[in-house]
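>>> no FASTA, just this:
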């Protein structure tokens, strides 16, 4: 096989023959926008890489997956195996935070072709004497190239046996050398795919339960809450099984144009204002609202929370109240209207005169961008590793790409959640350019058809390579009509949906567990007496609180690895549109969870569920157990079609763990 | 709008802020493998280009489609309009053969944002005095930049009117300037997409009907046919409405290992051999088999055919009989077995000792490749513009990419048909790298489900951008079991399917029109007494010939532009799996053809056809006419569900032209 077309082009200038490598590599997955953006994985996962690899004719090809952690570093090779239809698959583990590169390398494999042909010739009883010579020559050449060592010796022995050993042992000899030949053979002209990237983030980017609160409402006796008050109730949040405690903005709040209760334009003298109107004489984005406590209190809260398994997430809203020090110190960072006044935020005809946006394209953008980056770095220095970014879609997309890269270069364990309720393409782009998790349209998907369509798109299409959904049944801005009208059964249904459809989900509490469902007015999603504009006092011990149910649901999530990822999500048919059924499972099917939710908060619904048993690894000919982890009930089912009935006044959902093995007479001792 | 972030990066080396353009461009179509390969179009078509174009927040964006014919030439711009969901669409015509480049350019459009906001503010009754100043400044700046001319004057006038004209005329003035501002405004930092390519080929790459024959069988009285014999019967082929007359190889045929009748290993002394065993003492790929005539005869045939609207297609099989002059003159172009003999073709355990393949990776590959190219160029010099390439999938993929580019550079009107019956990925790759048309799996798709799946993939997925299917119910190698068993009704059904599912199709005749369906043996797709190995004498005037039906079908194709492309193909539901129904239509729906075929050659089948009326532009509340262009029958239908019945003993297919307008009482003169 020495006769190979050289890689260089002809020297004759009038004639350009592109001698590219023979093997084609196409359709690599994962690949986001042709490699423009990295795919995403969490630490400890494996990256499964597939590609179409083929050459002309009948020649066998071989290919390997190559990966490395640092650009310019050495590649590690992992094997790839053929599936069907010229598709190959390999995988590599990602054990460290940061970026990995990967790619596919392929080449025509003459020894593999020869060995395959040899066995066909032998089966057909053909004379293979000439073929033996060709195979022996290839093996011998490789053995000689290696010069010494076990491999070389074994290859040279193999070559001898192929050339002149007994014919009956030929197939075995030829096959026995195959592995060594694959490892050591001259690959000749290889095809190397483009280098792709995967960004590896902390495990909580894939699997997390968030709890959002307004610290100022956690005081006792109607007083303004403090970090110390929150710290005193950490057990309340951690005990329910949450991983992330997300605080509404904690900075000084502006006074000019301050909003009053229920978003009124005139604040009363005691109204605390919206925490998103950031900045006052006491400071801006790097300061703490004095009534919440000190920086030391905050750092103490971060550490105490972490001890209880809770990460503190800060809300970063890159905007200023009219009283923010930036306005005074850096007026050049804000746009001006033609009359010389500073441009307030607006979405015409709506005006938000209590908020000034930054002018990201100011002549002084370099200083501005650096300062905005320094806000994140400041809070990272206080121990924060999780940021929920407010309205990232109203800031330039390339600003975020730059900022997140800068932050990750300093601390690859920082997690960004994008609060972008906007058009789908922009939400996806924010995820591509670096946000670890993203809010979704989940809150407004209330029919089985909507849920199936939306979550199939998020989990079963290329979107899943870059977009990690975070499911929130409510937020301080979103009290859906479904929750308003449905009351407690609606809250439970949405909780179970969020926690089982999404490996990452969150609730805004205590409004959620206390089933707060009074809107400010008909047709509005704003809460009546919203915490955004006033202090609230919550009775956490109310007997009708969903606290215990939430605790149970979070424990089910922790106990069942199937629920800790989104890629295995599959919807199953059920003959009642008020019910939705779906499963998640581990790759080995050792843990399978089927959830069924009745989305009608007013009526009992029943239906026949048709499970795709093959996908769940269930034998249709054997009974299996569906163990409801919510109620404790155990159902004995067999075959794909089984009956389900859910009464919303009891509990509108099943979270069924399927157990393959049902105890039968075969299990009795005397059967053995 | 002078304040724009500059394009250059910061000078500070420790700080790299990538100030990329604000607007994102994603998901451009057509785009083949991220731009690695060109899309395909035929002369006279338009290229419809779509892209996702968006920026952060609420800012309006504008974008244009740019295209040009020559690399490095000037771009022409075409407008793009928003569809939904941030998707934009534009188009450009391709009027010349060769390659066009295209791409999308987009920018944030502050004037458009301003004009949109202004009307919202006015509707809300807000004071817009400050907004007027901002808008006027933008318009004035553009007017001043233009310095002089009508546009400048109109913009300066507009600026004045926006600043201080009467408020009631403001919306109109703002809107009136919009077009000028779009044309002339400083686009600032633009986003420019990657440059993509489309290769423009002759119209017959999209729409063609091929007729394949063995010239040697067209002699009279059992004599070896000649080019003159073929020329004498050109009217037979042209009269049926074919565009391409494709000849089995016309070169001298080898004698060594010549195959006899019915592929027997020993040829009799008079057996003519397979025309694919190319090369004898009389010459090789640039020579003509003496019994067919002279080169002058061939050139005359090419010209005569062209006068009748028939292009001659040559079959190019890059392989040699043992007697080919290349073996003697260039033994270095062939691989040798270890025993020194030349490597014959094989697909172990099958050996084809009458065929020697070229060694495309020989050390002398440059000379070999040039020689192979010169074969195509030789026949182009004789007037040939259409090549059917035999088994391209057994030659290196990059060889074809090079060869087709070389040919197209000389003559962009040359058409290549890939005869690659192989794995799908390789068939698609050959199309991507340059073959104009490709054989398909059509011959073996005989159920409605198979046809729907396969032709939806070919015409409604990105495959359609590069793969132009050519549908053949039979070839000299393929007499399907369906045709063997189904007889005449099967031939008719497959003819109608090929001619209406595919804008390009072909038949191997006269075997096809004479319904030749005797296989060599049970389970074989080889013809009994195949023309590949012997002369046949055909009675073209047989009364049971399908000649007239073929003529009718080809005329229907010529009369109905709907059938002249594949992208409009849609399948329609029908409640009998033995029937298949599909439509094609022109973009303006002025021509709509619905075909229904009974695929059971033995029984009459009926069913209820459910048409997607909206897609066909048919009003469900009005009757419409379904005019069967095969039988002449006219059916009066209304609504989506209509009855169809097809008796294979009469004719197993409808080709229905839908006519929207049925004459009713409203059409009577006295109604007017």
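Received the coordinates, thanks. For clarity, every value in this text was computed on a predicted model and none was experimentally measured.
>>> Quickly list the domain ranges of chain A.
For chain A, the structural domains run A:23-109+A:189-200, A:111-183, A:204-554, A:564-671, going by automatic domain parsing.
>>> nearest to residue B:541, of the ones you listed?
Across the domains of chain A, residue B:541 has its closest neighbour in domain A:23-109+A:189-200 (43.6 Å, Cβ to Cβ). Where C-beta positions appear, they are placed from N, C-alpha and C, glycine not excepted.
>>> shaky segments in chain A?
A:1-20, A:662-663, A:666-672 (pLDDT under 70).
>>> longest single strand anywhere in it?
strand A:98-108 (DSSP state E).
>>> So which elements touch that strand?
Other helices and strands packing on strand A:98-108, by 3 or more Cβ pairs under 8 Å, 6 or more residues apart in numbering or on different chains; DSSP states H and E, are strand A:24-29, strand A:46-54, strand A:61-68, strand A:87-93, strand A:191-192, strand A:196-201.
>>> same thing but at 6 Å, please
Applying 3 or more Cβ pairs under 6 Å, 6 or more residues apart in numbering or on different chains; DSSP states H and E, we find strand A:98-108 packed against strand A:61-68, strand A:196-201.
>>> what does the stretch 251-400 of chain A have sitting close to chain B?
A:337-339, A:347-349, A:361-363, A:365-366, A:369, A:393-398 (Cβ under 6 Å from any Cβ of the partner chain).
>>> Let's see which of these end up in strands.
residue A:347.
>>> Show me just the buried residues among the residues of the stretch 251-400 of chain A next to chain B.
A:338, A:348, A:361-362, A:365-366, A:369, A:393-398 (16 or more other Cβ atoms under 10 Å in any protein chain shown).
>>> Can you pick out the most distant pair from those?
Farthest apart among those - using Cβ to Cβ - are A:348 and A:366, which lie 29.9 Å from each other.
>>> Tell me which residues of stretch A:176-196 come out buried.
So stretch A:176-196, judged by 16+ other Cβ under 10 Å, has buried residues A:177-178, A:180-181, A:184-185, A:187-191, A:193, A:196.
>>> With distance to chain B as added columns, please give those in a markdown table.
Shown next, in a markdown table, are these (distance: Cβ to the nearest Cβ, whole Å):
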| residue | distance to chain B |
| --- | --- |
| A:177 | 17 |
| A:178 | 17 |
| A:180 | 21 |
| A:181 | 18 |
| A:184 | 21 |
| A:185 | 16 |
| A:187 | 14 |
| A:188 | 9 |
| A:189 | 9 |
| A:190 | 14 |
| A:191 | 10 |
| A:193 | 11 |
| A:196 | 12 |
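>>> Can you give me the distance of residue A:576 to residue A:610?
The gap separating residue A:576 from residue A:610 is 12 Å, by Cβ to Cβ, to the nearest Å.
>>> before we move on, what about residue A:649?
Distance of residue A:649 to residue A:610, computed by Cβ to Cβ: 27 Å.
>>> Please compare the two by neighbour count and tell me which comes out ahead.
residue A:610 (15 against 11; other Cβ atoms under 10 Å in any protein chain shown).
>>> Show me what that one bridges to in the sheet.
Beta-bridge partners recorded for residue A:610 (DSSP bridges): residue A:573, residue A:641.
>>> Let's verify residue A:142: helix, strand, or coil?
helix (DSSP: H, G, I helix; E, B strand; the rest coil).
>>> burial of it, as a residue count?
Using other Cβ under 10 Å, residue A:142 has 23 neighbouring residues.
>>> How about the contacts made by it?
By Cβ atoms under 6 Å, 6 or more residues apart in numbering or on different chains, the contact set of residue A:142 is A:155, A:184-185.
>>> okay, now residue A:116: neighbour count?
Neighbours of residue A:116 using other Cβ under 10 Å come to 17.
>>> For it, give its distance to chain B.
For residue A:116, the distance to chain B equals 8 Å [Cβ to the nearest Cβ, to the nearest Å].
>>> what do you get for residue A:37?
Residue A:37 is 10 Å from chain B, by Cβ to the nearest Cβ.
>>> do residue A:163 as well
10 Å.
>>> And for residue A:342?
From residue A:342 to chain B the distance is 12 Å (Cβ to the nearest Cβ).
>>> you'd agree that residue is up against residue A:334?
Yes: counting by Cβ atoms under 6 Å, residue A:334 is a contact partner of residue A:342 at 4.9 Å.
>>> Compare these two (neighbour count), which wins?
residue A:334 (19 against 15).
>>> how about that one, what does it touch?
So residue A:334 contacts A:342, A:356, A:359 (Cβ under 6 Å, 6+ apart).
>>> And residue A:493, by the same measure?
A:597, A:599, A:652.
>>> Of those, keep whichever come out buried.
Using 16+ other Cβ under 10 Å as the threshold, A:597, A:599, A:652 are the buried ones among the contacts of residue A:493.
>>> With distance to chain B and secondary structure added, can I get those residues in CSV?
Formatted as CSV, the buried ones among the contacts of residue A:493 follow (distance: Cβ to the nearest Cβ, whole Å; DSSP: H, G, I helix; E, B strand; the rest coil):
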residue, distance to chain B, secondary structure
A:597, 29, strand
A:599, 26, coil
A:652, 33, coil
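>>> Can you give me the neighbour number for residue A:74?
With other Cβ under 10 Å as criterion, residue A:74 counts 8.
>>> same question, residue A:71
For residue A:71, using other Cβ under 10 Å, the count is 10.
>>> Helix or strand: which one has it?
Taking DSSP states H and E as the definition, one finds residue A:71 inside no helix or strand.
>>> For the spatially closest residue to it that is not a sequence neighbour, name its beta-bridge partners.
Sequence neighbours aside, residue A:101 is the residue nearest to residue A:71 in space, at 6.4 Å (criterion: Cβ to Cβ, 6 or more residues apart in numbering or on different chains). Bridge pairing for residue A:101 (DSSP bridges) gives the partners residue A:68, residue A:197.
>>> What are the boundaries of the strands in the stretch 151-300 of chain A?
A:191-192, A:196-201, A:208-213, A:244-247 (DSSP state E, counting those that start in this stretch).
>>> Could you export those as CSV, including distance to residue B:220?
Below are those laid out as CSV (distance: least, Cβ to Cβ, whole Å):
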stretch, distance to residue B:220
strand A:191-192, 54
strand A:196-201, 65
strand A:208-213, 85
strand A:244-247, 90
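>>> among the ones you listed, which is nearest residue B:52?
strand A:196-201 (21.2 Å).
>>> for chain A, what's the longest helix?
helix A:481-501 (DSSP state H).
>>> Could you figure out how far that helix is turned away from strand A:208-213?
150 degrees (axes from the mean of the first three to the mean of the last three Cα atoms, to 10 degrees).
>>> chain center to the next helix or strand after helix A:481-501, what's the gap?
Next along the chain after helix A:481-501, taking DSSP H and E as the criterion, comes strand A:504-508. Centroid displacement of strand A:504-508 relative to its chain, using Cα atoms, centre = their mean, to the nearest Å, is 14 Å.
>>> Next, the angle strand A:504-508 makes with the following helix or strand past strand A:504-508.
Next along the chain after strand A:504-508, taking DSSP H and E as the criterion, comes helix A:547-559. Computed by the same axes, to 10 degrees, the angle separating helix A:547-559 from strand A:504-508 equals 160 degrees.
>>> ok, and for helix A:547-559, which residues are buried?
Buried-residue list, helix A:547-559, by 16+ other Cβ under 10 Å: A:547, A:549-550, A:552-554, A:556-557.
>>> can you tell me which of these lies nearest to residue A:126?
Looking across the buried residues of helix A:547-559 and measuring by Cβ to Cβ, the closest to residue A:126 is residue A:557, at 61.8 Å.
>>> these two touch, right, the closest one and residue A:563?
Yes: Residue A:557 lies in contact with residue A:563 (Cβ under 6 Å); the separation is 4.7 Å.
>>> Tell me which strands the helix or strand harbouring residue A:594 pairs with, and in which orientation.
Element membership for residue A:594 (DSSP H and E) is strand A:592-598. Strand A:592-598 has the following strand partners under DSSP bridges: strand A:579-585 (antiparallel), strand A:653-659 (antiparallel).
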